[in-house]
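Novice: compute the structure for the input listed below.
(2 chains)
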Amino acid sequence: MTWGHSASFPRAILHVDGDCFFASVEIATNPHLRGKPVITGKERGIVSACTYDLKARGVKRGMKLHEARAIAPDAIVVPSDYETYSIFSERMYEIVRRYTSAVEEYSIDECFADLTGYRRVNKMSYEQMAQAIKRELQTELGLTFSLGLSATKVLAKIGSKWQKPDGLTVIRLADAPHFLKKKLVDDVWGIGHNTAAYLNSFDIQSAHDFAVKSEEWVRGNTAKPYLELWHELNGRVVLELATKKREGYQSISKTKTFTPPSRDSSFVFSQLSKNIENACIKARRWELAAPEIFFFLKTQDFKYHGFEIKLPHPTNVPHDVLREVTRFFSQVFKKGVAYRATGITLLKLQKAGDVQLDLFGKVQESEGLRLVFNSVDALSERYGKHVVFLGSSFSAMKFGAHLGERGDTPERTRELFKGESFRRRLSIPMLGEV
Amino acid sequence: MDTHVEPLQKFFRSKRRMPSFSELMKLWGYKTKSAVNYRVNALIEAGVIAKDSLGKLIPVQLEQGTRVLGLVEAGFPSAAEEELLDVMNFDEYLTPNKESTYILKVKGDSMKDAGICEGDMVIVERRSTVKPGQIVVAMIDGEFTMKYLRKRGALFYLEPANDRYKPMFPKNSFRVDAVVTAVVRKY
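Specialist: Below you'll find the predicted structure:
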C-alpha cells in the first residue's frame, strides 16, 4: 500500500456533529438529568434543543414550550447556558485538531476536518483517525457525536447524518452510489424544498439520480451552487474547508425580547440602549466601526417598525449611535402600543481607526468618548461585562429581560466559587455538587 | 542551521507546541514534505529536536541551539524570557488536559480526612481508565458522590475518608464519571 494516493479517499474529509448538542451538554454537566427527557430554551419560551426520546415523541425544534409540555409533561426544561455550550464547542475543535490542523469551525456543534495526508503522521488509517476522534470526544466531553468520513464535505455530511445519534459512517468513493441511492435529494446539504421539487420534476428523486446526470445537463438546468454540489456528490472537492478563524463581521446585530411586553417608552428605549451598548462592545472588540445603523421595535403582534440611519461618521461609541436613534425613536414608538423586543444592527462595518475627520468637529468630540470607552472596556475586562453602563440603559439592566419563569438563569451563573462573580467565571464547565 | 531553528523557536514560544510537517513547510518555505523531512532529520541528528513514539516532534535543545545572551561585561544578563521559558502558569499546572477537565463544588464532610472540605472546588478529568486508590466522582445506585475508589477481589466499591461514613457497595448501578486531580480552596 502506498501512503500517497488512495482510491477510496482521494481526499479524506470528516464531518463531526454533536448529537442534540445543547441538551447533551446539559446532561453531561448535570448527572441528575441522565436518562431523562430534557429540553433547552426556557428563557426563549421555545424548544432550542431536546433529547432524542422527545424528538421521537414529536417534540420539534422551535416549538412553543407549552406545546412541548402538552406532548411531554415529564420533560425537564432548562434555560440555555451558551457559555458552557461554547466551552464544549471549543473543546470539540481542539480534540479534532489533535489529528489535523485543517479544521473548519462550521457551527457551535459541527466541524469539518481535512485528514488528507495525515495517515503517515498519525500512523493510522483515515477510518482509525475518525474512530479515535470519536472516542476521545465522547470520553472527554461525556456526550455522543455522529461522524461521517468521505471524500468531500457534502458526502461527509451525508455520512454523519446516516446513523444518528452515536454513529460513524464511512463512505468510500466506490460505495458512494449505494448511499446516494437511499438518500432523497431534499435531504442533501444545500438543497432546499423548492430546488428538490424542481429536480423532482425531472424525475430526480434520490441524490444518486442527481449525481449521475451529465455535467452539461447540470450546467444547463441548474444554478452554480448545484453544479458544485453535483461535483461534491461525485467525490470531487469543490467546497474547500474554511479553516481561517473569523476575522471580523459585515454587520453586528443585537436583539432582545422581554416579557411582559411594555407600553412604557422609557423602558423600551432603555432596552434599545442596552442593545446598542452591547453591539458597540462587540464592534470595539473586533476593532470595527459602523457608518450606518438600523434599529427596530417589535410589537406584540410581531410586526417590526424601524429606521435605517446614516451616521455623520463611522463609530463604535454608543453615544454617537444613541444620539441618532434618539432623533428617530419618537417617530417609531407609538403611544399605547405594546412592544416585546428591540434591536439594533450596525451595518457596513469597516476597520476602526481609519476614520476621516469631518467639518464640524463631531469626530474629535467622539474621539474623547472613544478614550472613555477604552477605559470602560478595560474595566469590563477586569470586573466583568456591564460593570459600568449608560444611564439610558439603566432600567433594562436593573431587571432581567424576563419576569417570571423565563427569567431563570443557567445554574452556572448562580453556583459560584469564591473569587467568581455573576459576570465572570472560570472557563471550566461545572458538574454540580458532590 | 540557525535559519531553520529560529522559526521553530518562535513557533514553539508562541504556540507552546511543535509544528506539524505541513506547518513546517510554510515555516521554512519548502515546497515538499520530503524536504521538511530531510531538514528535520538533520536537526534530530544535531540533537536539537527529537521524535516521540507517535512520530511527533518534541523539543530537546531547541533553546540552547542558538542561545544568544550577548556579551556580558559583568554580572548576569537581565532575567529575560530566556530564564522564564521553563515555567508554567496555574492553568497549565492545575489543568494540564484542558479538554477533559471539569470542576465540582464539594458538599458534606465525607472526604475530610483526604483534606477535602465542604465548599472546596475539586478539579476532575474525564478519562477512559481509572485505578483503585484514586479519588473519583461516580454515580452509584442513583447517587452522585465523590469517594476513594477501592477494589476487593473483583469487586469495586467506594470508600469515604471519614470514620463516620460507611463504604458504599454498588447494588444496581455504578459508573465512574471522572477522576479527581486537584483541590482548590481560596481564603
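Novice: quick one, what contacts the spatially closest residue to A:E94 that is not a sequence neighbour?
Specialist: Once flanking residues are discounted, A:E94 sits nearest to B:E99: 5.3 Å by C-beta to C-beta, 6 or more residues apart in numbering or on different chains. To be clear about C-beta, it is placed using only N, CA and C from the backbone, and glycine gets the same treatment. By C-beta atoms under 8 Å, 6 or more residues apart in numbering or on different chains, B:E99 lies in contact with A:91, A:94-95, A:140-141.
Novice: mind giving me the ChimeraX command for buried ones among those?
Specialist: Buried residues within the contacts of B:E99, by 16 or more other C-beta atoms under 10 Å in any protein chain shown, are selected in ChimeraX with:
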select /A:91,95,140,141
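Novice: quick one: what helix or strand has the residue of chain A at minimum distance from chain B in it?
Specialist: Residue nearest to chain B within chain A (C-beta to the nearest C-beta): A:E140, separated by 3.7 Å. Using DSSP states H and E, A:E140 sits within helix A:126-141.
Novice: try A:K244
Specialist: Counting by DSSP H and E, A:K244 is part of no helix or strand.
Novice: for it, give its distance to A:V103.
Specialist: Distance, A:K244 to A:V103, by C-beta to C-beta, to the nearest Å: 11 Å.
Novice: the two: who's more crowded?
Specialist: The residue with more neighbours, out of A:K244 and A:V103, is A:V103; 22 against 8, by other C-beta atoms under 10 Å in any protein chain shown.
Novice: ok, that one touching A:R97?
Specialist: Yes: at 5.4 Å, A:V103 counts as touching A:R97 under the criterion of C-beta atoms under 8 Å.
Novice: on the three-state scheme, residue 36 is what?
Specialist: Chain wasn't specified; assuming chain A. coil (DSSP: H, G, I helix; E, B strand; the rest coil).
Novice: can you look at chain B instead?
Specialist: Under three-state DSSP, B:V36 falls in the helix class.
Novice: list the contacts of the helix or strand hosting A:S380.
Specialist: Using DSSP H and E, A:S380 sits in helix A:362-383. Contacts of helix A:362-383 with the rest of the structure, by C-beta under 8 Å, 6+ apart, involve A:280-281, A:284-285, A:312-313, A:315-320, A:355-357, A:386-388, A:421, A:423-424.
Novice: quick one, helices of chain B?
Specialist: Listed in chain order, the helices of chain B (DSSP state H) span B:2-15, B:21-28, B:33-45, B:90-94.
Novice: what's the closest of the ones you listed to chain A?
Specialist: Among the helices of chain B, the nearest to chain A by C-beta to the nearest C-beta is helix B:21-28 (6.3 Å).
Novice: report the buried residues of the closest one.
Specialist: B:21-22, B:24-25, B:27-28.
Novice: just the ones of the contacts of helix A:362-383 in helices?
Specialist: Counting by DSSP H, the contacts of helix A:362-383 place A:280-281, A:284-285, A:318-320 in helices.
Novice: mind giving me the domain ranges of chain B?
Specialist: Here the domain assignment for chain B is B:2-87, B:98-184, based on automatic domain parsing.
Novice: for A:E411, find the nearest of these.
Specialist: Proximity to A:E411 (C-beta to C-beta) singles out domain B:98-184 among the domains of chain B, at 10.9 Å.
Novice: and that closest one, end to end?
Specialist: End-to-end span of domain B:98-184 (C-alpha to C-alpha, to the nearest Å): 16 Å.
Novice: write out the residues of the stretch 101-250 of chain A neighbouring chain B.
Specialist: Counting by C-beta under 8 Å from any C-beta of the partner chain, the stretch 101-250 of chain A comes close to chain B at A:101, A:117, A:120-123, A:135, A:139-142.
Novice: re earlier: okay, the helices of chain B in JSON lines with mean pLDDT and distance to A:A211 next?
Specialist: Listed next are the helices of chain B as JSON lines, based on pLDDT from 0 to 100; distance: least, C-beta to C-beta, whole Å:
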{"stretch": "helix B:2-15", "mean pLDDT": "83", "distance to A:A211": "41"}
{"stretch": "helix B:21-28", "mean pLDDT": "89", "distance to A:A211": "31"}
{"stretch": "helix B:33-45", "mean pLDDT": "89", "distance to A:A211": "33"}
{"stretch": "helix B:90-94", "mean pLDDT": "92", "distance to A:A211": "49"}
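Novice: just the buried members of the ones in helices among the contacts of helix A:362-383?
Specialist: Counted by 16+ other C-beta under 10 Å, those give A:280-281, A:284, A:318-320 as buried.
Novice: check contacts around A:L33.
Specialist: Contacts were defined as C-beta under 8 Å, 6+ apart; by that measure A:L33 touches A:26-27, A:76, A:78.
Novice: which of those tops the neighbour count?
Specialist: A:E26 (26 neighbours).
Novice: so that residue sits against A:V77, correct?
Specialist: No: in this structure A:E26 lies outside contact range of A:V77 using C-beta under 8 Å: 10.3 Å.
Novice: give me the common contacts of the two.
Specialist: Common contact partners of A:E26 and A:V77 (C-beta under 8 Å, 6+ apart): A:T40.
Novice: walk me through the domains of chain A.
Specialist: Per the record, chain A has its domains at A:13-162, A:172-233, A:252-398, by automatic domain parsing.
Novice: ok, and which of those domains has the densest surroundings?
Specialist: Comparing those by mean neighbour count (mean count of other C-beta atoms under 10 Å in any protein chain shown), domain A:13-162 ranks first with a mean of 20.
Novice: need the winner for burial among the domains of chain B.
Specialist: The most buried one of those (mean count of other C-beta under 10 Å) is domain B:98-184, showing a mean of 16.
Novice: still on that earlier bit, can I get the domains of chain A in JSON lines with mean pLDDT and distance to B:K51?
Specialist: Converted to JSON lines, the domains of chain A look like this (pLDDT from 0 to 100; distance: least, C-beta to C-beta, whole Å):
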{"stretch": "domain A:13-162", "mean pLDDT": "95", "distance to B:K51": "11"}
{"stretch": "domain A:172-233", "mean pLDDT": "94", "distance to B:K51": "31"}
{"stretch": "domain A:252-398", "mean pLDDT": "85", "distance to B:K51": "40"}
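Novice: for the stretch 1-150 of chain A, what spans make up the strands?
Specialist: Assigned by DSSP state E, counting those that start in this stretch, the stretch 1-150 of chain A shows strands spanning A:13-18, A:38-40, A:49-50, A:76-78, A:103-107, A:110-114, A:145-150.
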